[in-house]
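Q: Need coordinates for the following:
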Amino acid sequence: MGKNTKIRAGKIGYLAINLLFVCMLIAQPASAKVPSVSPFKLLSIPILGLTVDPSHRPTGVVSYVVLHFQDRGDQEGLRLRFQTLPGKFSPLAQHAVKLAIERVAAFANLGSNSWTVGLTFPYPGMTLYGNSLSAMVGLSVVALAKGESPIYGRSITGTITEDGRIGTVGGVPQKIYGAHQHLNRVFIPDENNITDGDWSIPFLMHVSPVNTVEKAYRGLTGHRLGLSPILP
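A: Sure thing, here's the model as predicted:
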């Protein structure tokens, strides 16, 4: 595939991704490393996305994003570092991720001003487009900050709205079909996107609609997000 191919595709094992990212960190010059009062945490998370098949029809895929988290101990603001190699993130994806992290942190009653978050898309020459990854990234970053993590084999597609709900995204049926052979449970926005039309859940696939960030976090991690009440 050519450079910057529009794709949200592929699958690389958790161990291979983590090893790749650690090697990238070691290869960086000392001046590029961020001082921290806490050790960094690494986590690879599954992302539900879309690509096109040979007939140019949209099809769902599972890819992975690697998160690198540190709590610096100061209050100089959230620092996001989107790696441009091996793959990279589109401006829309970067903006959506920033909003999601800040919003989930606020609903968890946590301050994100001391966090440094690095993100790597470990697929050479590919760009991750769209905003549907943002809920999974935001929830996973806050889980790392809380000393928790998503349950293996679970993922969510959607955004985080300003009022703490899971925002709608398109291509949900294709994403679910793409995740059928790879994940145990998928969380989707409670409100359907009108462009998706009618669709059915694959046999034995566990799909859970959620409408709030609290319910999404509890489903992904098995823990409560914060002390704020659960929205209806």
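Q: Just the C-alphas of the helix or strand that I101 is a member of, formatted as CSV.
A: Following DSSP states H and E, the helix or strand that holds I101 is helix 91-107. Coordinates of the C-alpha atoms in helix 91-107 are reproduced here as CSV (Å, rounded to 0.1, in the frame of the first residue of the first chain):
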residue,chain,number,x,y,z
PRO,A,91,-5.7,16.2,12.3
LEU,A,92,-9.4,15.2,13.0
ALA,A,93,-8.3,12.1,14.9
GLN,A,94,-5.9,14.1,17.0
HIS,A,95,-8.4,16.8,17.9
ALA,A,96,-11.1,14.2,18.8
VAL,A,97,-8.6,12.3,21.0
LYS,A,98,-7.6,15.4,22.9
LEU,A,99,-11.3,16.3,23.6
ALA,A,100,-12.1,12.7,24.7
ILE,A,101,-9.2,12.6,27.1
GLU,A,102,-10.1,15.9,28.7
ARG,A,103,-13.8,15.1,28.9
VAL,A,104,-13.3,11.6,30.4
ALA,A,105,-10.8,13.0,32.9
ALA,A,106,-13.3,15.7,34.0
PHE,A,107,-16.1,13.1,34.5
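Q: Residues contacting that helix, please?
A: With contacts defined as C-beta atoms under 8 Å, 6 or more residues apart in numbering, helix 91-107 is touched by 78, 80, 82, 89, 111-112, 115, 117, 119, 128-131, 133-135, 137-139, 141-142, 145, 159-162, 164, 213-214, 217, 225-226, 228. Where C-beta positions appear, they are placed from N, C-alpha and C, glycine not excepted.
Q: what is the rounded mean pLDDT of that helix?
A: Mean pLDDT, helix 91-107: 97.
Q: Next SSE downstream of it?
A: From helix 91-107 onward toward the C-terminus, using DSSP H and E, the following helix or strand is strand 115-120.
Q: helices and strands around that next one, which ones?
A: Identification of packing neighbours for strand 115-120 by 3 or more C-beta pairs under 8 Å, 6 or more residues apart in numbering; DSSP states H and E yields helix 14-27, strand 58-71, strand 79-82, helix 91-107, helix 134-145.
Q: before we move on, the earlier item: going by neighbour count, list what's buried in the helix holding I101.
A: 93-94, 96-107 (16 or more other C-beta atoms under 10 Å).
Q: for stretch 51-63, same thing?
A: For stretch 51-63, a neighbour-count test (16+ other C-beta under 10 Å) marks 51, 59-63 as buried.
Q: and the end-to-end length of that stretch?
A: Separation of the first and last residues of stretch 51-63 by C-alpha to C-alpha, to the nearest Å is 11 Å.
Q: what residue lies at the spatial centre of the protein?
A: Here the mean C-alpha position of the chain is nearest to the C-alpha of V137 (C-alpha atoms, centre = their mean), at a distance of 2.8 Å.
Q: which residues does that residue contact?
A: Applying C-beta under 8 Å, 6+ apart to V137 gives the contacts 45, 65, 67, 97, 100-101, 119.
Q: Closest one to T221 out of these, please.
A: The shortest separation between T221 and any of the contacts of V137 is 11.7 Å, and it belongs to I45 (by C-beta to C-beta).
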